[in-house]
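A.B. asks: Next comes the sequence, and after it the predicted model I'd like to discuss.
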Amino acid sequence: LIVEQTDLRRRLAAIENDPSTSDREIDALLTAAAGAEAEKLSFREWVRCLEEDFQRLVEAPPVDPDALQLITCHKAKGLQWDAVILPLLFRGVGAHRDPYPQLLYSRPAEPPLVIMDGEEAETYAPRLAARRYSELQRLLYVAMTRARRTLVLCDDRELFPLGKNHDPLKKPGMADCLAKERKAVLDIMDSLESLPPSPVSPPAPESQGMAPADDKRRLTPEDITLARTNAAAFRARILPHALAKTPSPEDPETFMENDLPETPHAGAAREYGTWWHTVMEHIDWAAGPSRWEETFTRLLPKSPDAERGRREWKLFLNSQLADRLQRPGLTFRSEMPFLWRKNPNECVEGLIDLAVYDPDKNRWLVIDWKTNLVDHQHAQRLAEDYAPQIQAYVTALTGVTGIPAEGGIYSTALGKWLTCT
């Protein structure tokens, strides 16, 4: 009724390049509303489900399977594809002056500086340029993480040569965000494995000019063979969390891959799991239990299930793992990202919840937090399910650092450390 009374379909179609896109989104919203009604959810509960979906990665809209989908980096946020190609990396991105006041933040707790006109903008030009550079860095991160398996970076430096006075802060390109110095950027690009150039030549022009636009050249068997050869040269990307034998929709990482259906129970469980991971990430492990407790107490009000949070935190403090983390001299790395070349054809990319280095043993300990609701009878099954994931973390960390590692999962429900390697 609301959709009809507001004429929502026509109004959205007026601002969409493809009206069918807005139609699909409205239909999906109406379907979700009908599902919520069937499950007897209150309006407040349904709105909460919609808010959770804001963080969900969705499949790209269907396109012609024989076509490339061209999309801006901004528009790509929240979507994923099997393969992503990033062109125009070396093209400088200029900044335009906004005809309205700009807010320049120094620190989160301080009020922003309001820049009213162009003269003030010139005064704060270095800080505005630094902000612009940071925004471009975040945009590049979004673009590069849209690929599930294959990411192709186009080395187009010859198309966009630098001037003598090039300043990467004033007019940076995406490539400038890969490193602080342009030489380092070029070194990174030169270190990447390149695909062999395609020998396929374009269609021959007619005697009076180029062939008509509707005269499409058909692919030959040789073209298809070459395409398959080039595709096989792309390095495969292995995500450790996807190696779990029985992926759980409660895992934040599994849900972000959008491979499993959403349910109200899984949504609530995942929300708690995300909160637990946030607490673990913010704890200063080297500061000792009293500081751990301060951080936990500060973040407890944000827990979707405070009673469970208190209970499982108490179990953790009394666990063998907590005792182990209190040993002096340990080095801690929370939410530790890594990218390791496993072999010429595969790389392993992931994020380790907590990596702990013991200098006395010269050994890493890989810790992965699991908030699955399980009983003690299923503890071994839980460890077996996640063993491939933990083994991938351990192997990659050893490969990157050259230091041996061991790993396991900590079950918050059981208050127990489960070795997986």
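C.D. replies: Done, it's in.
A.B. asks: which secondary element of this structure has the worst mean pLDDT?
C.D. replies: For the chain, using mean pLDDT, DSSP states H and E, the weakest element among its helices and strands is helix 252-256, scoring a mean of 49.
A.B. asks: Got the phi and psi for the closest residue to residue 327 other than its chain neighbours?
C.D. replies: With sequence-adjacent residues excluded and distances taken as Cβ to Cβ, 6 or more residues apart in numbering, residue 327 is closest to residue 358, at 7.2 Å. In short, each C-beta sits where N, CA and C put it, glycine included. Backbone torsions for residue 358, taken as degrees, to the nearest 10, come to phi -110, psi 110.
A.B. asks: downstream neighbour of the least confident helix or strand of the chain in the secondary structure list?
C.D. replies: Counting by DSSP states H and E, the element after helix 252-256 in chain order, helix or strand, is helix 264-282.
A.B. asks: all helices for the protein, in order.
C.D. replies: For the chain, applying DSSP state H gives helices covering 2-5, 8-13, 19-38, 43-53, 118-123, 125-144, 182-191, 221-232, 252-256, 264-282, 289-299, 306-317, 320-324, 379-401.
A.B. asks: and the second one, C-alpha only, in PDB?
C.D. replies: Coordinates of the C-alpha atoms in helix 8-13 are reproduced here as PDB (Å, rounded to 0.1, in the frame of the first residue of the first chain):
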ATOM      1  CA  LEU A   8       7.700   4.600  -5.300                       C
ATOM      2  CA  ARG A   9       8.400   2.500  -8.400                       C
ATOM      3  CA  ARG A  10       8.000   5.400 -10.900                       C
ATOM      4  CA  ARG A  11      10.000   7.800  -8.700                       C
ATOM      5  CA  LEU A  12      12.900   5.400  -8.300                       C
ATOM      6  CA  ALA A  13      12.800   4.500 -12.000                       C
END
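A.B. asks: so what secondary structure elements neighbour that helix?
C.D. replies: Under the contact definition 3 or more Cβ pairs under 8 Å, 6 or more residues apart in numbering; DSSP states H and E, helix 8-13 sits against helix 19-38.
A.B. asks: what is the mean pLDDT for the helix it packs on?
C.D. replies: Averaging the model's pLDDT scores along helix 19-38 yields 75.
A.B. asks: repeat for stretch 88-105
C.D. replies: Rounded to a whole number, the mean pLDDT of stretch 88-105 is 72.
A.B. asks: same thing with stretch 343-357?
C.D. replies: Mean pLDDT, taken over the full extent of stretch 343-357, equals 91.
A.B. asks: Other residues contacting it?
C.D. replies: With contact meaning Cβ atoms under 8 Å, 6 or more residues apart in numbering, stretch 343-357 is reached by 193, 235-241, 253, 277, 280, 285, 325, 330-342, 363-369, 392-393, 395-397, 403.
A.B. asks: Quick one: low-confidence residue ranges for the stretch 101-250 of the chain.
C.D. replies: Under the criterion of pLDDT under 70, the regions of the stretch 101-250 of the chain flagged as low confidence span 106-110, 118, 162-170, 180-182, 192-217, 231-233, 246-250.
A.B. asks: Please repeat the previous calculation with a cut-off of 90.
C.D. replies: Using pLDDT under 90 as the threshold, the predicted model of the stretch 101-250 of the chain has low-confidence ranges 101-239, 241-250.
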